[in-house]
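Visitor: Kindly generate the corresponding structure for this input.
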Amino acid sequence: MNDSKFPSDIVSSRQVVGVAVKSPAEEDLGKIEEIMLDKFSGTVRYAVLSFGGFLGMGDKLFAIPWKSFSYNPEFEAFILNVSKEKLENAPGFDKDHWPNANDLSWSESISKYYDV
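Guide: The predicted model follows:
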């Protein structure tokens, strides 16, 4: 994931989208589909994780607070500190029905679910 054009701790969004996500137990949890930015503060608010489908079909999407992820260079994957079971029960959405990320109650419920 390290591109010689960028320092090791700074990457383009192209280098994040598509990267694998694993649990601390090294379970595959999916991959990052989108990065959601706060256009006023310039900070990353959420990563959208796809999980649960087969060959890209039927994946459920999850908006997960960016602070919930860490990067493990050994695995070249992001680590999300949840089990596969917790993710299966997480509030999610499909590609045609995205949540309103500006809804404060939705945002608070997501942060609470992922202990952020």
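Visitor: Low-confidence ranges, this structure, go.
Guide: 1-8, 53-58 (pLDDT under 70).
Visitor: By residue count, what's the longest helix in it?
Guide: Taking DSSP state H as the criterion, the chain has its longest helix at helix 104-113.
Visitor: If you count neighbours, what's buried in that one?
Guide: Ser107, Ile110, Tyr113 (16 or more other Cβ atoms under 10 Å). For glycine as for every other residue, the C-beta is placed from the backbone atoms N, C-alpha and C.
Visitor: so the spatially most central residue of the chain is in which element?
Guide: Taking Cα atoms, centre = their mean as the criterion, Ala47 is the residue nearest the geometric centre of the chain, at 3.5 Å. Using DSSP states H and E, Ala47 sits in strand 44-51.
Visitor: before we move on, what about Ile35?
Guide: Applying DSSP H and E, one finds Ile35 within strand 28-37.
Visitor: in its sheet, what does that strand sit against?
Guide: strand 20-22 (antiparallel), strand 44-51 (antiparallel) (DSSP bridges).
Visitor: Packed most tightly, which of these would that be?
Guide: strand 44-51 (a mean of 21; mean count of other Cβ atoms under 10 Å).
Visitor: After that one, which helix or strand is next?
Guide: strand 60-65.
Visitor: Quick check: beta-bridge partners of the nearest residue to the residue nearest to the centre of the chain once chain neighbours are set aside?
Guide: If the residues on either side of it in the chain are set aside, Ala47 comes closest to Ile32, at 5.0 Å by Cβ to Cβ, 6 or more residues apart in numbering. Judged by DSSP bridges, the bridge partners of Ile32 are Leu49.
Visitor: OK, contacts around Ile32?
Guide: Residues near Ile32 by Cβ atoms under 8 Å, 6 or more residues apart in numbering: Val16, Val17, Gly18, Val19, Val21, Ala47, Val48, Leu49, Phe78.
Visitor: Repeat that for Gly30.
Guide: So Gly30 contacts Ala20, Val21, Leu49, Ser50, Phe51, Gly52, Asp59, Leu87 (Cβ under 8 Å, 6+ apart).
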